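> Sequence and computational prediction follow.
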Amino acid sequence: MTAPAGIVTAKRGVAGRILDFFGKGVVNIVLVIVAVFWLVPTIGLFLSSLRSSVDNSHSGWWTVFTRPAQLTIENYSNLLGNAQFMGSFLNTIEITVPATVLVVVIGALAGYAFAWIRFPGRDWLLVVVIVLLAVPLQVSLIPIAKLYGDIGLFGSVVGVILFHTAYGLPFAIFLLRNFFTQIPGEMLEAARIDGAGEWRIFSRIILPLGLPAIASLSIFQFLWTWNDMLVALIFTNATSQPVTVAIQSQLRQFGANIDILSAGAFLSMIVPLVVFFAFQRYFVSALLAGSTK
Amino acid sequence: MRWRPQRWKPTASKKPPAMTTAVANATDARGSGPVPAPRGSRSTAPRGRRRLVTALIFLAPALFLLGVLIGYPVVYSVWRSLFDASGRNFVGGANYVTMFTDPATFIAIRNNVIWVIVAPITCTVLGLIFAVLMNRITWATAFKLIVFMPMAISMVASGVIFRTLFQENPDLGAVNAGLVAVHDAFSGGAAYPGARPRADNTTLVGTGGAVESATTVHTGQSQDFPLVGILGDTVPAAAADAVPAKSASGTEITGTVWLDFVKGGGGVNGQLGDGKKGLPGIEVDAIDSNGAVVASTRTGNDGTYVLSGLKAGDYRIGLPASNFAASYSGVSWLGPTLVTAVIILAYVWIWAGFAMVMIASGLSAMDVSLQEAARVDGASEWQVFRRITAPLLSPVLIVVFITLIINVLKIFDLVYVIPPGSSLPDATVIAVQLWTVSFGGGNDQGLGSALAILLLVLVLPFMIINVRRFRMEREQ
């Protein structure tokens, strides 16, 4: 609050400061309330996961504040000893890691071609990639279920990995291409003068310089694949299902066994939350690159 | 915060021509490798073909996967949607007609419309408010993390969270527990549904759910209310053995309200003693001859009450019907009518953070000198926001909005997870219906394909917008 004339400045300054104080107070209170609203659901789930099934079927999680004695890690030890649940956890990793690596590698190759190789039809192909960005993956479910059935990929982890890779690619290509075009052309030309081939330029210049974008893409794709349920719901079976499908089938069958559900849900959240908090800025970059220019 | 290397702004397209020629000459001299000739040099056909081959090697894995897993399915879905469930009989547009006439798919389409109208705008508006307010607090980073965090969680986990939160039983669902607490705080005290005087009690009458003294009571006298019709278990734990009320002064009327029933039998009907419990928290009114309530109080733990401050005279003493109405037990959130609202709320919980982060980055990238200038000219904060910040922000807002619309159209997980089986048909959306009719028992992949094509068509305008935006950015 600055005003041109001296006296006015003084007056406004005091009034403004008082207003500011109240304004800030109100803003703080409002945002504290918002933050509480955003936190309570997760905290509730966490506390539920620390209570026995008997407690969970008779009272709400908030009673732990008055009766902390009911806290137990029983649900977690049960789950960790449950071969089927741990198997689904491993499946999630087996799906997520390859799907992330494949998207990064294939996307980087294609991104390089789009950014630095001037081939005929490049612009049109790029438009196709941008169109594919918005294709709902639901369109592929029926045809690919039939295709996988025909070639024996149905029920396998491989099928899910390929599906996630394909649907991650348009975004990967778009993001990496945009980043790669910003690498200075002089560096590439210099390498060419030194006799470097395309592959060498790609692996020695583009990949190292493109690491920030590759990191963003990896985090994004990792979270997306880890958290997917629909694709896995259709293409996996009881032995290859990831943890999201395992949780939802528990929910379907029993509905109210919140002790197992909450512990399972919380375990499934730990890895993405750690990745998210550790690499938050990369995740944000990916979001920004995906939508804003 | 941003990895985008701004210092690399002079990109390849603007490289100095001198350099280009030098490079072209140098490479020509060496004649090595598949070197793409820089723009403007002799671009002969063989060179172009060689570059195409190189490009194809780099593009091959991507093109293969995109072609097989996205390209082919789009074509196949269009084709498949023209056939019936068996896939053998051509039915033309019949599946598309079914889609809009079948009640189940129609509900799905209708719900999708609700989603698209409500969810993106709510997320964007909340995100905008949060992003603007966030600048004024010292703990902005923590706030951002808290609101953004649900983005990291799977929709299945979020679904479990919201399903538990909105359970109907107020002992288990936090939201209903909160509602009941608030309701009880305002309407007060315990409720005793079904409590009534014994049929042979001549001093009391039940009228329209309320219980009243049969005759008027003079100040200084007392009126007791022995009630039955409720289980001993429903009496609050705080209830003490009922005792006779203290004698009333000239401005008072006193009495006792108790459960006139002894578990296991015994006692005399209408008489205190034998461990009969007082009923705490019951509202007792003194009603004058005009029917107006002139005094009101609540019973204590031993069931006694004292109506004081009365003018000497005769009053009817009543226990209003609110004491005996069924107790409030919250709202059936996951029932057919409200379940979609709850799912959209869960969606907003997840995606408001996305909108907030995007808008906040748009705000921080903004040149604030305009705002400063406006403030110097005496513009209020609201005017600055309305006239300068918001218009400058509109490109970001549009991007966020479009991203959310595309996302909402495809919504599946939350809708599949949150509603209990009984209200799923009322909550269903296109993606869930697609799953249901083609995988979840319906086994009609013709109708499923038609729904998939519907989704694709709905997304089409946004694809065009994306391509346009891309073209415009390139021309800059």
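Received, thanks. From a predicted model like this one, the values you see are computed outputs, not experimental measurements.
> Only C-alpha atoms, please: export stretch A:173-193 in CSV.
Provided in CSV are the C-alpha atoms of stretch A:173-193 (Å, rounded to 0.1, in the frame of the first residue of the first chain):
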residue,chain,number,x,y,z
ILE,A,173,7.2,-37.7,-26.6
PHE,A,174,5.6,-34.3,-26.3
LEU,A,175,7.4,-33.4,-23.1
LEU,A,176,10.8,-34.7,-24.2
ARG,A,177,10.6,-33.2,-27.7
ASN,A,178,9.8,-29.8,-26.2
PHE,A,179,12.7,-30.0,-23.9
PHE,A,180,15.2,-31.4,-26.4
THR,A,181,14.5,-28.6,-28.9
GLN,A,182,15.8,-26.2,-26.3
ILE,A,183,19.2,-27.9,-26.2
PRO,A,184,21.5,-25.5,-28.2
GLY,A,185,22.0,-26.7,-31.8
GLU,A,186,25.6,-25.6,-31.7
MET,A,187,26.4,-28.5,-29.4
LEU,A,188,24.9,-31.0,-31.8
GLU,A,189,26.6,-29.5,-34.8
ALA,A,190,30.0,-29.5,-33.0
ALA,A,191,29.5,-33.2,-32.2
ARG,A,192,28.7,-33.9,-35.9
ILE,A,193,31.8,-32.1,-37.0
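> buried stuff in that stretch?
A:173-185, A:188-189, A:191-193 (16 or more other C-beta atoms under 10 Å in any protein chain shown). For glycine as for every other residue, the C-beta is placed from the backbone atoms N, C-alpha and C.
> By mean pLDDT, point me to the weakest helix or strand of chain A.
Every helix and strand of chain A was ranked by mean pLDDT, DSSP states H and E. The lowest is helix A:6-49, at a mean of 76.
> by contact count, what packs against the helix or strand following it?
Downstream of helix A:6-49, the first helix or strand assigned by DSSP states H and E is helix A:53-58. Taking 3 or more C-beta pairs under 8 Å, 6 or more residues apart in numbering or on different chains; DSSP states H and E as contact, the helices and strands that helix A:53-58 lies on are helix A:258-278.
> For residue B:164, grab phi and psi.
Dihedral angles of residue B:164 (phi, psi; degrees, to the nearest 10) stand at phi -70, psi -40.
> Excluding covalently adjacent residues, which one is nearest to it?
Of all residues not flanking residue B:164 in the chain, residue A:258 sits nearest, at 5.5 Å (C-beta to C-beta, 6 or more residues apart in numbering or on different chains).
> who's in contact with the residue positioned nearest the centre of chain A?
Geometric centre of chain A, nearest residue: residue A:223, 2.6 Å, by C-alpha atoms, centre = their mean. By C-beta atoms under 8 Å, 6 or more residues apart in numbering or on different chains, the contact set of residue A:223 is A:272, A:275-276, A:283, B:152.
> now residue B:472
Applying C-beta under 8 Å, 6+ apart to residue B:472 gives no contacts.
> Please enumerate the helices of the stretch 151-293 of chain A.
A:157-180, A:185-193, A:198-201, A:207-209, A:211-227, A:230-235, A:243-254, A:258-278, A:280-291 (DSSP state H, counting those that start in this stretch).
> Please compute how far the second one lies from its chain's middle.
Right, the one you point to is helix A:185-193. Centroid displacement of helix A:185-193 relative to its chain, using C-alpha atoms, centre = their mean, to the nearest Å, is 35 Å.
> Can you list the helices and strands that it packs against?
Applying 3+ C-beta pairs under 8 Å, 6+ apart, one finds that helix A:185-193 contacts helix A:198-201, helix B:17-30.
> low pLDDT regions in chain A?
A:1-22, A:254-256, A:290-293 (pLDDT under 70).
> Let me see the domain layout of it.
Following automatic domain parsing, one finds the domains of chain A at A:6-75, A:82-291.
> out of those, deepest packed?
domain A:82-291 (a mean of 20; mean count of other C-beta atoms under 10 Å in any protein chain shown).
> and the helices and strands packed on helix A:185-193, which one's lowest on average pLDDT?
Note on the helices and strands packed on helix A:185-193: helix B:17-30 shows the lowest mean pLDDT, a mean of 34.
> Could you identify the helix or strand that succeeds it?
Immediately after helix B:17-30, counting by DSSP H and E, sits helix B:45-66.
> Would you mark the buried spots in that next one?
Neighbour-count burial for helix B:45-66 flags B:47, B:50-52, B:54-55, B:58-59, B:61-63, B:65-66 (criterion: 16+ other C-beta under 10 Å).
> Would you convert those residues into CSV that also reports distance to residue A:83?
Formatted as CSV, the buried residues of helix B:45-66 follow (distance: C-beta to C-beta, whole Å):
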residue, distance to residue A:83
B:47, 60
B:50, 56
B:51, 54
B:52, 52
B:54, 50
B:55, 48
B:58, 43
B:59, 43
B:61, 36
B:62, 38
B:63, 41
B:65, 33
B:66, 38
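> Tell me which two in these are the farthest apart.
Using C-beta to C-beta, the buried residues of helix B:45-66 reach their maximum pairwise distance at B:47 and B:65, which is 28.7 Å.
> is any part of stretch A:78-86 close to chain B?
No - shown here: stretch A:78-86 not in contact with chain B (C-beta under 8 Å from any C-beta of the partner chain), separated by at least 13.9 Å.
> Quote the end-to-end distance of that stretch.
Taking C-alpha to C-alpha, to the nearest Å, stretch A:78-86 runs 11 Å from one end to the other.
> Go ahead and name everything in contact with that stretch.
With contact meaning C-beta under 8 Å, 6+ apart, stretch A:78-86 is reached by A:243, A:246, A:260, A:263-264, A:267.
> May I see those residues organised as a markdown table, with distance to residue A:74 added?
As requested, the contacts of stretch A:78-86 are exported to a markdown table (distance: C-beta to C-beta, whole Å):
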| residue | distance to residue A:74 |
| --- | --- |
| A:243 | 20 |
| A:246 | 19 |
| A:260 | 11 |
| A:263 | 9 |
| A:264 | 14 |
| A:267 | 14 |
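> how about those residues in CSV, adding distance to chain B?
Formatted as CSV, those follow (distance: C-beta to the nearest C-beta, whole Å):
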residue, distance to chain B
A:243, 9
A:246, 9
A:260, 10
A:263, 10
A:264, 8
A:267, 10
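> So for chain B, the centremost residue is which one?
Note: chain B centre (C-alpha atoms, centre = their mean) maps to residue B:345, 1.3 Å.
> residues touching that residue, list them.
residue B:162.
> Which element is encountered next along the chain beyond the helix or strand hosting residue B:432?
Using DSSP H and E, residue B:432 sits in helix B:430-438. Beyond helix B:430-438 in the direction of the C-terminus, DSSP H and E gives the next helix or strand as helix B:445-475.
> If you count neighbours, what's buried in that following helix?
If you call a residue buried by 16+ other C-beta under 10 Å, then helix B:445-475 has these buried ones: B:445-456, B:458-459, B:462-463, B:465-467, B:469-470.
> ok, now stretch B:243-262?
Buried residues in stretch B:243-262, counting neighbours by 16+ other C-beta under 10 Å, are found at B:243, B:245, B:248, B:252-262.
> Next one: the residue nearest to the centre of chain B, what pLDDT does it get?
As predicted, residue B:345 sits at a pLDDT of 96.
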